[in-house]
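A.B. asks: Everything below, folded, please.
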Amino acid sequence: MKPAKNPVGAVETTIELIEALESLDGATVTELADALGVTKGTAHNHLATLQQHHYVVKQGNTYTLSLKFLVIGEYLRNSSVLYENAKAEVEQLAADTGEYAHLSTEQHGLSQKLHKVRGEYAVGTEYQRAKLQKPDCLHYTATGKAILAYLPRSRVEEIIDYYGLPERTKQTITDRDELYETLADIRERGYALNDEEEVERMRAVGAPIRNKEGTVLGAVSVSGPVSRMKDEQFTDVIPEKVTDAATVIEMNINMAERRGNLPRYV
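C.D. replies: Okay, the predicted model is just below:
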């Protein structure tokens, strides 16, 4: 999260252009130039280079990102230790609970979604689909808090210093000391709760996934509406299912490590 000492301006412009194409859902040269505050010639030159290397496509006067990004994303996900060893368990968790099951990891101080599975009775499909397309802050999700609880304190402080503790709902923890107390509670009981802290009327339970050295690799969770995630379902039943799934995933990773059969990335 530290800024580059000698950033390359042309590369930064290309990155900003790619991100603008994503946020605008496609754009013309003029629209991109206006969005980036550059000349149309500069925008066109960057687009032409990206098009030459198959990273953008042009339809009429509109440029959009190409499916080459999907290929790269699939490569990264399939190279993940977590995804490789947790995919089946996350799918089983969604089937067992009927809700959404999630697999996340931390990168650059944010929660990155590796896998999401919709159970039979799950709600909020449009919102959950959008979540796959952008990272979240860690402090208001169940997987995020489960990860934060097992990161070194210095790393947690670095993340909070950089991103702050933005409020998503009235239930979101926005006080640093309160967050530290919550993280201590998570370590004591072994799982995290999201009690309408990200979205009103939605709850989630998340458990950390750690390797044999105790390093947190990510977290698994189940989310659902308050109407179903209540009483012992929220405090006992779902936590037991989620922590059991996390334990199986940890065992899968440890066995794969002993066989020397681990993918390249966390």
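
A.B. asks: which ones are touching His139?
C.D. replies: 145, 148, 160, 165, 172-173, 179 (CB atoms under 8 Å, 6 or more residues apart in numbering). Heads up, the C-betas are built off the backbone N, CA and C, glycines and all.

A.B. asks: Quick check: pLDDT value at it.
C.D. replies: According to the prediction, His139 has pLDDT 98.

A.B. asks: Cross the contacts of His139 against helices and list the overlap.
C.D. replies: 145, 148, 160, 179 (DSSP state H).

A.B. asks: Can you read off the pLDDT for the third one?
C.D. replies: In this prediction, Ile160 carries a pLDDT score of 98.

A.B. asks: got a list of what it touches?
C.D. replies: 139, 176, 179.

A.B. asks: hmm, 7 Å instead?
C.D. replies: Arg176 (CB atoms under 7 Å, 6 or more residues apart in numbering).

A.B. asks: Check the last one too.
C.D. replies: Each residue near Leu179 by CB under 7 Å, 6+ apart is listed here: 139, 165, 173.

A.B. asks: do the same with Thr30
C.D. replies: Thr30 neighbours (CB under 7 Å, 6+ apart): Lys40.

A.B. asks: still on that earlier bit, a markdown table for the contacts of His139, including distance to Ser80?
C.D. replies: Formatted as a markdown table, the contacts of His139 follow (distance: CB to CB, whole Å):
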| residue | distance to Ser80 |
| --- | --- |
| Lys145 | 21 |
| Leu148 | 20 |
| Ile160 | 26 |
| Leu165 | 28 |
| Thr172 | 28 |
| Ile173 | 28 |
| Leu179 | 27 |
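
A.B. asks: Can you tell me which of those comes closest to Glu200?
C.D. replies: Glu200 has its nearest neighbour among these in Thr172, at 10.6 Å by CB to CB.
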